[in-house]
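> here you go, sequence then predicted model.
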Amino acid sequence: MRRLLPVALCFLVTPVAAADMNLTVEIPTLKVAEYHRPYVAVWIEREDHSVAANLAVWYDVKKASGEGTKWLKDMRQWWRRTGRDQSMPIDGVSGATRPAGQHQLRFTDGKAPLGTLAPGHYELIVEAAREVGGHETQRIAFDWPAKAPVHLAAKGTDELGQITLDLNP
Amino acid sequence: MKHTFVRAALAAAAMVLPFAAQAHKMWIVPSATVVSSDDALVTVDAAVSNDLYYPDHFPAQLDNLTITAPDGSQVKPENPWTGKVRSAFDLPVPQKGTYRIALVNQGLFANYEVDGQKKRWRGKPDEMKAGIPANAKNVQVSEMASRVETFVTQGKPGGDALKPTGKGLELVPVTQPNDMVTGEKATFQLLLDGKPAADLKVTAIAGATRYRNTQDEQDTQTDKEGRFSFTFANAGMYWVNASTEDTKTTVKEAKQRRVAYTATLEVLPQ
């Protein structure tokens, strides 16, 4: 019993769960003659626009020999801020394009790809670019870490639908 | 043969035209300036025209085309072609960094008279003796050096391609030329023979002039360090031009040197 006590104390002082963020990105269903799934990038910028974390990049990973990376630059802001510094694919971040619908992503403080964000003011950015379609960027400003659960949202108009960001302390 | 000569003469005239009139502009424009794949290829047009960027007058000659890769090496164009009003070529861009694609022209331009008839000659210094008759009178020789260029970047901008050669007017990036977006100030430095080109007028004109009534020219001036800045509200291709004259000629027959610089810079939307 005496040996177990320190272990039990550890459990008491460690938070039950690390701070996390739950993100929902909606890719709208579009009635168009020629539809290709959009390329989507999700990242976090500091106030000076430097990139704090790359969270997701959905692109055509299956296309042969770099054909898929050819259009990465169409996510213009992502490409300029961070994409052009990356070597694709990015482990734990990049993946295949996704169909229309709601996509849930969960990121945990201290774990890749979110890592540890210094306390401060940030923006979450979602950028979508669709072949023979349009381009849209949505931003959600937030403070990290959240002191209490926070629900934030943005609504896209063309290439993005509802975006929600839930922060948990 | 005669046709070729006339064309060469007209192209030469166009090259020095910034000094005389703004009617004809020489330009080189790539199909894309920012690319994201090792397999990416751009196709490039070069011409002398009235409207930007519509080939409607003469092709730019590709004889003096110099393409520098990010590692500083010289690259050959693929499928070069010169038509009636435009030259074109393909350029694969496998290296990460910025490529410089330049038409660098240097030569002599002479006006003279033979038996009261006004004549013109254009050529290289070693061709002058044969080119201008011995009985020519009122021979006035001027030297010209022009650089017409554009930039393409695969991946992150940078590399050795933009290292100045120290000859003529050249652009040194403070802002990378392929890192320009609407609403953000872009700053560059102009060098003349490797030294800051101070107090020089720099003009920028957006492309697609066909679809508006005015040139909407934007002017600025280089400072003591040869630096100048533009903030463009609208995305598009911009023709940026500066020129000057001095007496720093390389041949003694030439009293005057005309130096011109033109870049095509793309400004992307935010």
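Arrived safely, thanks for sending. In this text, all values refer to a predicted model and were calculated from it rather than measured experimentally.
> before we move on, what SS does the residue in the stretch 101-250 of chain B that chain A sits nearest to have?
Nearest residue of the stretch 101-250 of chain B to chain A (C-beta to the nearest C-beta) works out as residue B:156 at 4.6 Å. Any C-beta I mention is one placed from the backbone N, CA and C, and that applies to glycine too. Recorded secondary structure, residue B:156: coil (DSSP: H, G, I helix; E, B strand; the rest coil).
> excluding covalently adjacent residues, which one is nearest to it?
Nearest non-adjacent residue to residue B:156, counting by C-beta to C-beta, 6 or more residues apart in numbering or on different chains: residue A:84, 4.6 Å away.
> kindly report the same for residue A:101.
residue A:27 (6.3 Å).
> ok, the one you found to chain B distance?
21 Å (C-beta to the nearest C-beta, to the nearest Å).
> ok, that residue - contacts?
Residues near residue A:27 by C-beta atoms under 8 Å, 6 or more residues apart in numbering or on different chains: A:37, A:38, A:40, A:98, A:99, A:100, A:101, A:103, A:128, A:159, A:160, A:161.
> neighbours of the closest residue to the first one other than its chain neighbours, how many?
With sequence-adjacent residues excluded and distances taken as C-beta to C-beta, 6+ apart, residue A:37 is closest to residue A:97, at 3.8 Å. Look at residue A:97: counted by other C-beta atoms under 10 Å in any protein chain shown, it has 18 neighbours.
> what sits against the residue of the stretch 101-250 of chain B closest to chain A?
Applying C-beta under 8 Å, 6+ apart to residue B:156 gives the contacts A:84, A:85, B:96, B:97.
> next one, pLDDT for it please.
On pLDDT, residue B:156 comes in at 97.
> same thing with residue A:67?
Residue A:67 is given a pLDDT of 78.
> report the contact partners of it.
Residue A:67 neighbours (C-beta under 8 Å, 6+ apart): A:60, B:37, B:39.
> quick check: it is in a strand.
No - counting by three-state DSSP, one finds residue A:67 to be coil, located in no strand.
> helices along the stretch 151-270 of chain B, start to end?
Counting by DSSP state H, counting those that start in this stretch, the stretch 151-270 of chain B forms no helices at all.
> pLDDT weak spots in it?
Residue ranges of the stretch 151-270 of chain B with pLDDT under 70: none are present.
> also chain A?
Low-confidence segments of chain A (pLDDT under 70): A:1-17, A:64-66.
> if we go to 90?
Per-residue confidence for chain A (pLDDT under 90) gives these ranges: A:1-18, A:61-68.
> within range of chain B, give me the residues from it.
Contact residues, chain A versus chain B (C-beta under 8 Å from any C-beta of the partner chain): A:65-67, A:69-73, A:76-77, A:79-80, A:83-85.
> for residue B:128, phi and psi?
With angles defined as degrees, to the nearest 10, residue B:128 sits at phi -70, psi -40.
> I'd say it and residue B:107 touch.
No - with contact defined as C-beta atoms under 8 Å, residue B:128 does not count as touching residue B:107 (9.9 Å).
> for residue B:221, name its beta-bridge partners.
Listed by DSSP bridges, the beta-bridge partners for residue B:221 are residue B:201.
> burial count for it?
Counted with other C-beta under 10 Å, residue B:221 comes out at 11.
> and it, how far is that from residue A:79?
As judged by C-beta to C-beta, to the nearest Å, residue B:221 and residue A:79 stand 33 Å apart.
> hey, what's residue 107 bridged with?
Using chain A here. Beta-bridge partners, per DSSP bridges, of residue A:107: residue A:21.
> actually chain B
residue B:144.
> do you know how far it is from residue B:258?
Separation of residue B:107 from residue B:258 (C-beta to C-beta) stands at 11 Å.
> what do the two both touch?
Residues touching both residue B:107 and residue B:258 (C-beta under 8 Å, 6+ apart): B:143, B:144.
> residue B:186 against residue B:230, yeah?
Yes - assessed by C-beta under 8 Å, residue B:186 is found in contact with residue B:230 at 5.7 Å.
> with neighbour numbers in mind, choose between the two.
residue B:186 (22 against 19).
> how close does that one sit to residue A:48?
From residue B:186 to residue A:48 the distance is 18 Å (C-beta to C-beta).
> having no further points to raise, I will conclude here.
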